[in-house]
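K.L.:
Give me coordinates for this.
(2 chains)
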Amino acid sequence: MRRQIEGSRAIAETVAACRPQVVPAYPITPQTHIVEALGTMAKEGALGSCRFLTVESEFAALSAALGASATGARAYTATASQGLLYMAEVLYNVSGLGLPVVMTVANRAIGAPINIWNDQSDAMSQRDCGWVQLYAEDNQAAVGLHVLAFRLAEQLSVPVMVCVDGFVLTHAVEPIEVPDQAAVDGFLPPYQPRQQLDPDEPVTIGAMVGPEAFTEVRMLSHLAQVRAVPELAELAAEYAGATGHRVEAVSSYRTDGASTVLLTLGSVTGTARDLADELAEEGRQVGVVSLTLYRPFPLEQVRAALAGAEHVVVVERAFAPGLGGVVASDVLTALVGTPTRVSSVVAGLGGRAVTKAALRSALDDAEAGRLDDFGFLGVDLGLVDQEFLRAAGAHARAVSTHDLGLPGPRRG
Amino acid sequence: MFEVRFHGRGGQGVVTAAELLSVAAFLDGHEAQAIPSFGSERMGAPVVAFCRVADSPIRLREPVSEPDLVVVGDATLLHHVDVFAGLKPEGFVLVNSPHSLRELRLSDLEHRHDPSHLATVAATDLARLHVGRPMPNVCLLGAVAGLTGCVSIASLEAATAARFDQRVATANSAAARAGFAAVRRAGDRAVQRA
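P.N.:
A predicted model of the protein is given here:
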């Protein structure tokens, strides 16, 4: 049954339906509503024997999830932004130990300067930590991805991060169907750990591995992760059969015959599809390819989805200073050997809305041959210039002051 | 698609108003989306929230920049924030104030928009009367239903009942009906004058 509810509420109810056994929680905007709702459910007894732990930091939250998972419990937590960075060391330990922890990241910018709003810099900064990364295009997808995440994680012994755009999705109130308990139970059997820490039968996990085997361990975790590509496709089909809701690792919209394609991750997808419809009415063909699965990167599906495109415009909600696009680099890897051009457009940093009008201007530039390989969408160049000149001026004054040995800054 | 932008101040229930309007529209059988625009999260600071109502699934996630309806929950914002920016020519305006548009020096709105689409309602006073607190949001939503018909008053009351405990919900339902009646009466007077 669809209900008009907040995205965070829907995610919390979905996680509850997945019967987690340990939920360590630490609040950070914009993720807080999720663990608050789970905390309330735990207090009301709605989570059965689940242990809801309030801990002192994000480092502790993921460490507790790691420990719980290692003892054979289904463990879940959620975070955002600086909280995810504070978990960084533990993220690698969880994946290195092959523990199927599931975590929601309510995507938010990283400071400094402090900013509580949405972009995807947090999750992108941890794209190589060995977790599967799934990005939700809307709240219905977020719901399905959480159920799929537990099954995928436990099947592959790989942790899964479900990335949900902060505020834009977590705080949106819209019609969402949370699958009922029977449907979730039918899809997600109780967790059967392959190994577990048990005081009665002590074992050691994560012991030191030297140069003779470390590369092999890493290769094995790579192989486990890439299995998520076919596995997710199978599980998504089964989930669609059980609930009627389909998620796809890579989905294409209006790409047939489109020479220009927008490539998106997350909540900007809906806006991009609306724009593609509008442009089609004007007789302009623009396709939208959106990625739900980002790690492992579905190279073959991306290559197939973009076959026929002359110009791919990647809408980046994060970027790599000193290089440019994060996602575009991966798209280029998928397209290696093809003549397809890839441009990277950084949009919506720190909560700046990604509008149809802004995306349209990027497409106009692309079709007129004016779009650079890398650029910022809708940036206030006047402000950038002003700051640049001011900084350059201060630097020039400092240099000249130093060179001339003058006591203070020179004027003019 | 019917797009609404709410302006108010932190603590006046602006985000809740957008959410309740979306729930009422959903109960009426529409697709709906409410999105808050979180700023400083301080009491008294200007706050904006948005609601979209449509008859097909809503995929668009940008803020509402060309609203069909602007609701101003606090008239002190009128001369500080460009609350009517992007308002469609056929759009609606609802201002929380015991004064008329003329007294608020907003007469020029009547030149740009259909005068029957413009209203003020003393929602804070009505909220004090019915709810016992100067919390104008649900009363304003009643007036929105009366002015635009974008949601039914019955669904608005159902959304209110689902959101608050019974005592608060009953009081707010009364405030919503009072808001609804106030703009309807004003509309009738305008028709009689015309």
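K.L.:
got a list of what the closest residue to chain A within chain B touches?
P.N.:
Proximity of chain B to chain A (CB to the nearest CB) peaks at residue B:59, 3.1 Å away. Every C-beta, even on glycine, is put in place using the N, C-alpha and C of the backbone. Residue B:59 makes contacts with A:138, A:269, A:270, A:271, A:273, A:274, as judged by CB atoms under 8 Å, 6 or more residues apart in numbering or on different chains.
K.L.:
Burial check on the residue of the stretch 101-250 of chain A found nearest chain B, number of neighbours?
P.N.:
At 4.0 Å from chain B, residue A:173 is the closest residue in the stretch 101-250 of chain A, using CB to the nearest CB. Neighbourhood size, residue A:173 [other CB atoms under 10 Å in any protein chain shown]: 28.
K.L.:
If you count contacts, what does the longest helix belonging to chain B end up packed against?
P.N.:
Longest helix in chain B by number of residues (criterion: DSSP state H): helix B:166-193. Helices and strands touching helix B:166-193, by 3 or more CB pairs under 8 Å, 6 or more residues apart in numbering or on different chains; DSSP states H and E, are strand B:118-121, helix B:123-130, helix B:137-148, helix B:153-163.
K.L.:
most neighbours per residue, which of those?
P.N.:
helix B:137-148 (a mean of 28; mean count of other CB atoms under 10 Å in any protein chain shown).
K.L.:
Give the other helices and strands that that helix contacts.
P.N.:
strand B:2-9, helix B:14-27, strand B:69-72, strand B:92-96, strand B:118-121, helix B:123-130, helix B:153-163, helix B:166-193.
K.L.:
For that helix, what does the pLDDT average out to?
P.N.:
The average of the pLDDT scores along helix B:137-148 is 98.
K.L.:
So residue A:144 versus residue B:11, what's the distance?
P.N.:
Counting by CB to CB, to the nearest Å, the separation of residue A:144 from residue B:11 is 36 Å.
K.L.:
cool, residue A:380 as well?
P.N.:
31 Å.
K.L.:
neighbour count winner among the two?
P.N.:
More crowded of residue A:380 and residue B:11, by other CB under 10 Å: residue B:11, with 13 against 9.
K.L.:
was I right about that one contacting residue B:74?
P.N.:
No. Contact between residue B:11 and residue B:74 fails when scored by CB atoms under 8 Å: they sit 10.1 Å apart.
K.L.:
Need phi/psi at residue A:229.
P.N.:
phi -60, psi -60 (degrees, to the nearest 10).
K.L.:
and it, what does it touch?
P.N.:
A:249, A:293, A:296, A:298, A:300, A:301.
K.L.:
if you set the cut-off to 6 Å instead, what comes out?
P.N.:
A:296, A:298 (CB atoms under 6 Å, 6 or more residues apart in numbering or on different chains).
K.L.:
how close does the residue of chain B closest to chain A get to residue A:356?
P.N.:
11 Å.
K.L.:
and the residue in the stretch 151-300 of chain A that chain B sits nearest to, what helix or strand is that in?
P.N.:
Closest to chain B within the stretch 151-300 of chain A is residue A:270: 3.1 Å, counting by CB to the nearest CB. Assigned by DSSP states H and E, residue A:270 belongs to helix A:268-281.
K.L.:
Just after that helix, pick out the following helix or strand.
P.N.:
strand A:286-291.
K.L.:
which other helices and strands contact whichever helix or strand comes after that following strand?
P.N.:
Per DSSP H and E, strand A:286-291 leads on to strand A:293-295 as the next helix or strand towards the C-terminus. Contact here means 3 or more CB pairs under 6 Å, 6 or more residues apart in numbering or on different chains; DSSP states H and E; on that basis strand A:293-295 packs against strand A:132-135.
K.L.:
one more time with 10 Å
P.N.:
Judged by 3 or more CB pairs under 10 Å, 6 or more residues apart in numbering or on different chains; DSSP states H and E, the packing partners of strand A:293-295 are helix A:121-125, strand A:132-135, strand A:160-165, helix A:228-243, helix A:327-334.
K.L.:
where does chain A have its least confident helix or strand?
P.N.:
Using mean pLDDT, DSSP states H and E, the weakest-scoring helix or strand in chain A turns out to be helix A:381-404, at a mean of 68.
K.L.:
Tell me the confidence at the residue of chain B closest to chain A?
P.N.:
pLDDT, residue B:59: 97.
K.L.:
so what's the residue nearest the centre of chain A bridging to?
P.N.:
Centroid-nearest residue in chain A: residue A:163, 3.6 Å away (criterion: CA atoms, centre = their mean). Counting by DSSP bridges, residue A:163 is bridged to residue A:105, residue A:135.
K.L.:
just residue A:312 next, same as before
P.N.:
residue A:261, residue A:342.
K.L.:
Now do the shared contacts for residue B:11 and residue B:74.
P.N.:
Common contacts of residue B:11 and residue B:74, defined by CB atoms under 10 Å, 6 or more residues apart in numbering or on different chains, comprise B:44, B:47.
K.L.:
Please name the residues that touch residue B:121.
P.N.:
Residue B:121 touches B:94-98, B:136, B:139-140, B:142-144, B:146-147, B:178-183, B:186, counting by CB under 10 Å, 6+ apart.
K.L.:
same thing but at 7 Å, please
P.N.:
B:94, B:96, B:140, B:143, B:179, B:182, B:183 (CB atoms under 7 Å, 6 or more residues apart in numbering or on different chains).
K.L.:
ok, residue A:34 to chain B distance?
P.N.:
16 Å (CB to the nearest CB, to the nearest Å).
K.L.:
ok, and what's touching the helix or strand where that residue lies?
P.N.:
Following DSSP H and E, one finds residue A:34 within helix A:32-43. The contact list for helix A:32-43 (CB under 7 Å, 6+ apart) reads A:6, A:8-9, A:11-12, A:15-16, A:23, A:25, A:27, A:47, A:50, A:52, A:78, A:104, A:170.
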